[in-house]
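A.B. asks: Below: sequence and its predicted model.
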Amino acid sequence: MAVDELDTRILRLLMEQPRTSVREYARILGIARGTLQARIDRLERDGVITGTGPFLSPGALGHPVLAFVHIEVTQGHLDEVGDALAAVPEIIEAFSITGGGDLLTRVAARDNGHLEDVIQQLINLPGVVRTRTEMALRERVAYRLLPLVESVGRSAGAQR
């Protein structure tokens, strides 16, 4: 799906001012409310916008320890293990990967002892061969998409 310069401006505004009304967005952008709503609907339909709502902090929820757990899986059991991970509330994300392991998970825990308990739970899942854990010390770049959105917008403008 092609994202043009107006889409980029819309996405930037949605990310920077998520609690603003559609009417106010249209006023800020200098476009008709119907045009804006049609653009937002298309961006949602095309999967560019995948959700709305608050971004939550695991640390503020009492889970300040962040770790990345690589999981090696017995051949043919990737889907089963992936499905089992969804039942572990401390798993924030899980991805199939190449390289050292089959799955990479992001885990939030209350403390190091809780993290060990979660890792033991993962080790005991049927199909899990071994795990390797890396602890996050400090977030250096927070999850972000705005630089990517702006790059896509610049590329769209340059192609004209």
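C.D. replies: Received it, and whenever you're ready, just let me know what you need.

A.B. asks: Next, count neighbours for Gln17.
C.D. replies: When neighbours are counted by other C-beta atoms under 10 Å, Gln17 registers 12. Bear in mind the C-beta positions are built from the backbone N, C-alpha and C, glycine included.

A.B. asks: how about the residue nearest to it when sequence neighbours are not counted, what does it touch?
C.D. replies: In this structure, Gln17 finds its nearest non-sequential neighbour in Tyr25, 7.7 Å apart by C-beta to C-beta, 6 or more residues apart in numbering. By C-beta atoms under 8 Å, 6 or more residues apart in numbering, the contact set of Tyr25 is 10, 13-14, 17, 36.

A.B. asks: By neighbours, which of the residues you listed wins?
C.D. replies: When neighbours are counted by other C-beta under 10 Å, Ile10 leads these with 25 neighbours.

A.B. asks: ok, that residue touching Arg39?
C.D. replies: Yes. Using C-beta atoms under 8 Å, Ile10 is in contact with Arg39, at 5.6 Å.

A.B. asks: ok, back up a step: could you identify the most distant pair in the contacts of Tyr25?
C.D. replies: Maximum pairwise distance in these, criterion C-beta to C-beta, is 13.3 Å, between Gln17 and Leu36.

A.B. asks: what's the worst-scoring helix or strand of the chain on mean pLDDT packed up against?
C.D. replies: Scoring the helices and strands of the chain by mean pLDDT, DSSP states H and E places helix 146-158 at the bottom, with a mean of 82. When contacts are defined as 3 or more C-beta pairs under 8 Å, 6 or more residues apart in numbering; DSSP states H and E, helix 146-158 sits against helix 5-16.

A.B. asks: how distant is the helix or strand following the helix it packs on from the center of its chain?
C.D. replies: Going down the chain from helix 5-16, the next helix or strand is helix 22-29, by DSSP states H and E. Chain-centre distance of helix 22-29: 27 Å, with C-alpha atoms, centre = their mean, to the nearest Å.

A.B. asks: any idea how this structure splits into domains?
C.D. replies: What automatic domain parsing lists as the domains of the chain is 5-54, 65-135.
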